Every structure is written in structure tokens, then in C-alpha cells.
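Peer 1: sequence unavailable; structure follows:
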């Protein structure tokens, strides 16, 4: 295991520990750092570069697990490292599956979340936030009882969800409403609706800049929101994009990987300069992305039924495999084991979960 892997593993453990801390121990809120030319503070120091070798191409199917419910669409997933759980939204049946990644089984279902899209776990409060787009609300479940304990309504089409830990706020993409909705983490009350001026794609928190980042797909922009003031502080054009929707952030390397539904492009955005540094082609209608920091792998799941696997070589993404399966448009990764989880809505008339193991990087000699 090289130094970068050790650093990534340490960061993962620290993150899981921090998420389990009580609310009163949270760090002080910090304003978002976002200038017209950068989302990286001058004080930030990138980890030392580590020589790596390309992994063998391909992904190995290690298990296929039957899933409950009808053969209908799945959407986003959320991995809770502290509990070893994956929350999988079975969109059309309006249920969230609770999957135990250690025992490889579904341990519960959370009903009452019509047209479930986005999902995010906040172990600090023992809460799981679920975008119930069919009810125009976010449903909030207690992760101990797996019962819904609160609902936040008045959201036209809730989708992606992110959590700003220092500010203890949840941010929800309202795709059709062209906004990000802010929910207080302590009270689960709606705090604000931030107009974006276009359809909201996914939403993520960047702990280096302390910004909430949103893809505004109808404007081909990335937007930085200050979670303290709950205001947009910068807009960034994304050349070469067409309907950027999903994205993932490699915080240490200051890169964002942005998928574009309109032109099947994957754009690598340098968060130090806010300029694209690479553009690749993936499956048509790319949707959900998953980033494994330890093995520096990116997975892009497309509506067309293609899962693209890529390895980050320095700051350059290189393809290392592809899976084709019907409706393979959502993916999650367990950063502890590096396994991939692909729920498929219809294999022989039933939903199944396929679990894949990528090839490790060979040791340097």
C-alpha cells in the first residue's frame, strides 16, 4: 500500500469518526472560499505526489443478490461508512432499501417516499434524508428505527442532497424549481430556498473550500454557495458541457468530475483554476458518479446502461473497464473494500444487486 492509499484510508476513518460525533462538537462554521478564478485557498497544500501503476482492466462480478420489490427503476444511493450501510432508492415503488455491506443483505425497507431520488445519511444526527419527488418533499428517517420522523415540503422536484457539517445544514437540489433548498440539521426545519437561475443538477459539499457546489444544468455552470450566508458567491462556466448534472469531487487533488447528460461528456475541472483540464466520452446520458479515493477510481453510470470505470493517473483519467447492463445508471462504492454496487431494475423480471470487485493497482518494483 503506497502513501497516498494510507492517507486516503486515514482520511476515511477520520471522516467516519467525525460523522459520529455529537452535534455540540462540530467545528466552527467557515465561510465559503470561492473567487472568480479559484475554489482553493492559497493556504491549501496538496498531498505529495506518489508514483502509481495502472491497474489491470476490468471488473469482476463476485455476487448477484435478489432485491425485494417490483422490477422498477432505482436512483441514487448513499454509503454510510460508520454503519457499513448503503441506502438505495427504489424510485418507482417509493421505497429506500437499507443494505448491509458487511453481511451482503437487505436488512430493511423505508416506505412512504414516492418517486425516491436523492438520499444522504447524516450519522451525527442519526438521520437519513430522502428526496421524495412524488410528494414534493424530503422525508427524514431515523437510522436507528428506520422510520420517517419528519418531512420538509414545498420542493417541486427534490433530487441530489449534500450536508455541510460545520454549519449543520442539509442542501437539496430542487431540479424543477431551479433552486437549492436548505434544511437545518438540528431542527429539520426549512431555512431557505436559494434560486439558481436554472435547473439544479446534483449538489455536493467541498470541505477544502467550505462551499456547497451545485451543477446548474440548463446554464452549463457550476455554482458555489456559501453555507454560512446561504447565498451564491460565484458562478463558473463549464466549456464543453451540455446539461451537466452529476459530479464527484476529489478534494485532495482539487478536481471535480462532471458528467454531462446532453453530450455524454465527462469533464475534469481543476478546482484551483476553475478550468477544464480533460474531456472524455462515456455512455449516453451519464447520471450517477461514485469516487473511490483510496484506489483513485471513478465510476460513471449512464442511463444507456453503461458503467465506465476510470483510474486517476496523476491528474489524468484513464479508462480501465466498462460494464454493460440494462438500466445500469446508478452506482455506489464501499471505500473500505473498494467494491461496487449496481442495483438493476429488471433481470429476468426481478430487481437484483450486482457486486463487483475492481483489480487492485500492482505494486511498484
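Peer 2: Received it, and whenever you're ready, just let me know what you need. Note that the structure is predicted; figures quoted are calculated from it, not measured. Residues are numbered from 1 along each chain as shown.

Peer 1: tell me the contacts of the residue nearest to residue 340 when sequence neighbours are not counted?
Peer 2: The shortest distance from residue 340 to any non-neighbouring residue, by Cβ to Cβ, 6 or more residues apart in numbering, is to residue 356 (4.3 Å). C-beta coordinates here come from the backbone N, C-alpha and C atoms, glycine included. By Cβ atoms under 8 Å, 6 or more residues apart in numbering, the residues touching residue 356 are 59, 60, 61, 62, 323, 339, 340, 342.

Peer 1: inside strands: which ones of those?
Peer 2: Among the contacts of residue 356, the residues falling in strands (DSSP state E) are 59, 60, 61, 62, 323, 339, 340, 342.

Peer 1: select only the buried ones of the residues you listed in PyMOL?
Peer 2: This is how PyMOL selects the buried members of these, with burial counted by 16 or more other Cβ atoms under 10 Å:
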select buried, resi 59+323+339+340+342
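
Peer 1: dump the ones in strands among the contacts of residue 356 into CSV; add distance to residue 120 as well.
Peer 2: Output for the ones in strands among the contacts of residue 356, formatted as CSV (distance: Cβ to Cβ, whole Å):
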residue, distance to residue 120
59, 26
60, 29
61, 28
62, 27
323, 25
339, 20
340, 19
342, 20
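
Peer 1: out of the ones in strands among the contacts of residue 356, who's nearest residue 274?
Peer 2: residue 340 (30.0 Å; Cβ to Cβ).

Peer 1: so what does the host helix or strand of residue 150 touch, helix or strand wise?
Peer 2: In this structure, residue 150 sits in strand 147-152 according to DSSP states H and E. Applying 3 or more Cβ pairs under 8 Å, 6 or more residues apart in numbering; DSSP states H and E, one finds that strand 147-152 contacts strand 137-142.

Peer 1: angle of the strand it packs on against strand 147-152?
Peer 2: 150 degrees (axes from the mean of the first three to the mean of the last three Cα atoms, to 10 degrees).

Peer 1: tell me the mean pLDDT for strand 137-142?
Peer 2: Here strand 137-142 scores 98 as its mean pLDDT.

Peer 1: that one pairs with which strands, and in what direction?
Peer 2: Using DSSP bridges, the strands paired with strand 137-142 are strand 127-132 (antiparallel), strand 147-152 (antiparallel).

Peer 1: how about residues contacting the first one?
Peer 2: Spelled out, it's strand 127-132. 76, 78, 87, 89, 94, 96, 110, 112-122, 138-143, 149, 151, 155, 158-161, 163, 170, 172, 183, 185, 188.

Peer 1: how about the helices in the chain?
Peer 2: Along the chain, counting by DSSP state H, helices occupy 3-19.

Peer 1: helix or strand, whichever it is, which one in it has the lowest mean pLDDT?
Peer 2: helix 3-19 (a mean of 39; mean pLDDT, DSSP states H and E).

Peer 1: returning to that earlier point: out of the strands paired with strand 137-142, nearest to residue 101?
Peer 2: Closest among the strands paired with strand 137-142, using Cβ to Cβ: strand 127-132, at 15.3 Å.

Peer 1: circling back to that earlier point, which one of the contacts of residue 356 is nearest residue 35?
Peer 2: Nearest member of those to residue 35, counting by Cβ to Cβ, is residue 340, at 36.2 Å.

Peer 1: who does the closest one form a beta bridge with?
Peer 2: Where residue 340 sits in a bridge, its partners, by DSSP bridges, are residue 333, residue 356.

Peer 1: from what I can see it touches residue 331, true?
Peer 2: Yes: if you go by Cβ atoms under 8 Å, residue 340 and residue 331 touch, sitting 6.0 Å apart.

Peer 1: which residues are common contacts for the two?
Peer 2: In contact with both residue 340 and residue 331: 290, 299, 307, using Cβ under 8 Å, 6+ apart.

Peer 1: and the pLDDT at the last one?
Peer 2: Looking at residue 307, its pLDDT stands at 97.

Peer 1: low-confidence ranges in the chain?
Peer 2: For the chain, the stretches flagged by pLDDT under 70 are 1-27, 50, 364-365.

Peer 1: in the stretch 151-300 of the chain, which spans are strands?
Peer 2: 158-164, 169-174, 179-184, 190-195, 200-206, 211-216, 221-226, 231-237, 244-250, 255-260, 265-270, 275-281, 286-292, 297-302 (DSSP state E, counting those that start in this stretch).
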